[in-house]
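Asker: When you get a sec, could you give me coordinates for this:
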Amino acid sequence: MEGSGVKTGGCFAVAALAILVCSAVAQTPPQAQPQAAPKKDLAPDEIIRQCTAKETEFYEAWKEYSYRQIADIRVLEYNGMPKRERMTIISDIVFKDNGEREIQVVRRAGDIRSLIFTLNDEEVINNLQPFALTDKELQLYDLKYEGKEKVDELTCYVFSVKPKSLKGDRFYFQGKIYVDDQDLQIVRTVGKPVPQKGGEQFPEFETIRQIIDDKYWFPVWTHSDSRLRFKQDVAHIEETITYENYKHFGSKATIKFGDPKP
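Answerer: Predicted coordinates:
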């Protein structure tokens with residue numbers, strides 16, 4: 001978004017890229033069944049290799065689903081003045097036979113007056129997310145292993161991610177990915193779109209994935225609550241994007257809480 005009514009403004013965007021709180025596996029009494037040995041940690045390169053293979057599979061499967069995307073954008077404060085500006089965009093997302101995503105806007109409601117909602121805002125919301133570390137995307141990024149971290153009931157391998165180059169007319173992801181140590185799939189991302197040029201400002205966002213159809217970790221929620229600082233202006237914005245009603249070949253998918261079935 002760009003500032004409105006001032007010489008120096010800015011634009012913001014946040015997208016849609018994930019975590020499911022899995023049910024803990026019940027412990028089996030020793031007399032009933034021997035306890036399984038702890039899973040051995042993998043080397044970072046092997047984690048990425050397996051994760052990338054599953055992300056590629058996830059991305060291809062994701063293109064066979066349609067879903068509804070609801071973007072709720074709010075300006076809470078601008079240069080210290082409280083605001084109550086809100087805009088909601090409801091879209092149906094479908095994929096064509098050639099794999100291209102088609103965004104069908106169902107309804108727009110409300111208005112943002114302090115900032116200008118730009119084409120870059122829509123690009124980030126509609127096309128950056130979900131961030132999928134496919135074989136193709138992996139070549140564009142540098143990853144660094146940061147260790148393991150407990151996220152709710154999941155134990156995750158954490159990697160920092162940054163683009164090798166900002167060349168080209170596109171946005172990249174910069175931040176962290178959280179890879180479940182059991183499924184070796186990305187379940188949470190925290191980061192922001194780059195590059196940020198001129199008056200553009202992109203807040204940090206968090207994207208959460210959940211298990212759809214007992215198999216795939218699809219994005220269900222993206223959220224940002226940020227103060228964007230421009231040369232002379234500060235805007236406090238909040239944005240929430242939900243992804244719902246996943247349908248595969250016309251059959252409504254459901255979200256399952258728990259470990260995916262083999």
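
Asker: Render the CA-only coordinates of stretch 70-83 in CSV, please.
Answerer: Extracted as CSV, the C-alpha positions of stretch 70-83 are listed here (Å, rounded to 0.1, in the frame of the first residue of the first chain):
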residue,chain,number,x,y,z
ILE,A,70,-10.7,-14.6,2.8
ALA,A,71,-8.4,-11.6,3.3
ASP,A,72,-9.3,-9.2,6.1
ILE,A,73,-7.1,-6.1,6.1
ARG,A,74,-7.3,-3.4,8.8
VAL,A,75,-5.5,-0.1,9.5
LEU,A,76,-5.6,0.3,13.3
GLU,A,77,-3.5,3.5,13.6
TYR,A,78,-1.8,6.0,11.3
ASN,A,79,0.8,8.5,12.6
GLY,A,80,-0.5,8.0,16.1
MET,A,81,-4.1,8.6,15.2
PRO,A,82,-6.5,5.6,15.8
LYS,A,83,-8.2,4.3,12.7
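
Asker: That one: which residues count as buried?
Answerer: Neighbour-count burial for stretch 70-83, counted by 16 or more other CB atoms under 10 Å, picks out 71, 72, 73, 74, 75, 78, 83. Bear in mind the C-beta positions are built from the backbone N, C-alpha and C, glycine included.

Asker: do the same with stretch 82-91
Answerer: Burial within stretch 82-91, assessed by neighbour count using 16+ other CB under 10 Å, is assigned to 83, 85, 87, 89, 91.

Asker: For those residues, give me a markdown table that also has secondary structure, distance to residue 153 and pLDDT.
Answerer: As requested, these are exported to a markdown table (DSSP: H, G, I helix; E, B strand; the rest coil; distance: CB to CB, whole Å; pLDDT from 0 to 100):
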| residue | secondary structure | distance to residue 153 | pLDDT |
| --- | --- | --- | --- |
| 83 | strand | 38 | 95 |
| 85 | strand | 38 | 95 |
| 87 | strand | 35 | 96 |
| 89 | strand | 33 | 95 |
| 91 | strand | 32 | 95 |
